[in-house]
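Visitor: the sequence isn't on hand, but the structure is:
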């Protein structure tokens, strides 16, 4: 019995380490520009003086070792989604959590494992005046 529990714990650990990732999506609502590098995208909490909306971007991540690590991965994915649209900024709209359940087989028993992902949403924008 102890051997099955150890095996289940190892499987869970492997899923958490290698199963976690960041994912994102974008919806174009304006004019797409030439792609930029994600490091050129700035996150804004308040709207800059002048900007053009390009689209809506979403990202989530359960890849971090800590909650902050997961948020950091999600923000990086948000920047990557915006950069693909040619946005040099993201006006942050919301952030939160999304919990799902993964099942791991241990012998003949399915063990539920909750997985919480950090989520962020924003408007991909092209800032013309800060």
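Guide: Now that the structure is in, tell me what you want to look at. Only a predicted model underlies this, so the values are computations on that prediction, with no experimental measurement involved.

Visitor: ok, the strand ranked longest in the chain: who's next to it in the sheet?
Guide: Using DSSP state E to define each element, the chain has its longest strand at strand 109-129. Strand 109-129 has the following strand partners under DSSP bridges: strand 50-61 (antiparallel), strand 89-106 (antiparallel).

Visitor: hey, which of these is tucked in deepest?
Guide: Mean neighbour counts were compared across the strands paired with strand 109-129 using mean count of other Cβ atoms under 10 Å; the top stretch is strand 50-61, at a mean of 20. Where C-beta positions appear, they are placed from N, C-alpha and C, glycine not excepted.

Visitor: immediately after that strand, which helix or strand?
Guide: Sequence-wise, the next helix or strand downstream of strand 50-61 (DSSP states H and E) is helix 67-84.

Visitor: before we move on, back to that, buried ones in the longest strand of the chain?
Guide: 113, 117, 118, 119, 120, 121, 122, 123, 124, 125, 126, 127 (16 or more other Cβ atoms under 10 Å).

Visitor: what mean pLDDT does that strand get?
Guide: Per-residue pLDDT over strand 109-129 has a mean of 90.

Visitor: which residue comes closest to residue 23 once chain neighbours are left out?
Guide: Spatial nearest neighbour of residue 23, chain neighbours left out: residue 60 (6.0 Å); criterion: Cβ to Cβ, 6 or more residues apart in numbering.

Visitor: surely residue 116 touches residue 98?
Guide: Yes. In terms of Cβ atoms under 8 Å, residue 116 counts as a neighbour of residue 98; the distance is 7.2 Å.

Visitor: circling back: between the buried residues of strand 109-129, which sits nearest residue 36?
Guide: residue 126 (9.4 Å; Cβ to Cβ).

Visitor: tally of neighbours for the residue nearest to residue 32 when sequence neighbours are not counted?
Guide: Spatial nearest neighbour of residue 32, chain neighbours left out: residue 85 (5.2 Å); criterion: Cβ to Cβ, 6+ apart. Here the count is done by other Cβ atoms under 10 Å, and residue 85 has 25 residues near it.

Visitor: who's in contact with residue 63?
Guide: 20, 21, 22, 69, 70, 73 (Cβ atoms under 8 Å, 6 or more residues apart in numbering).
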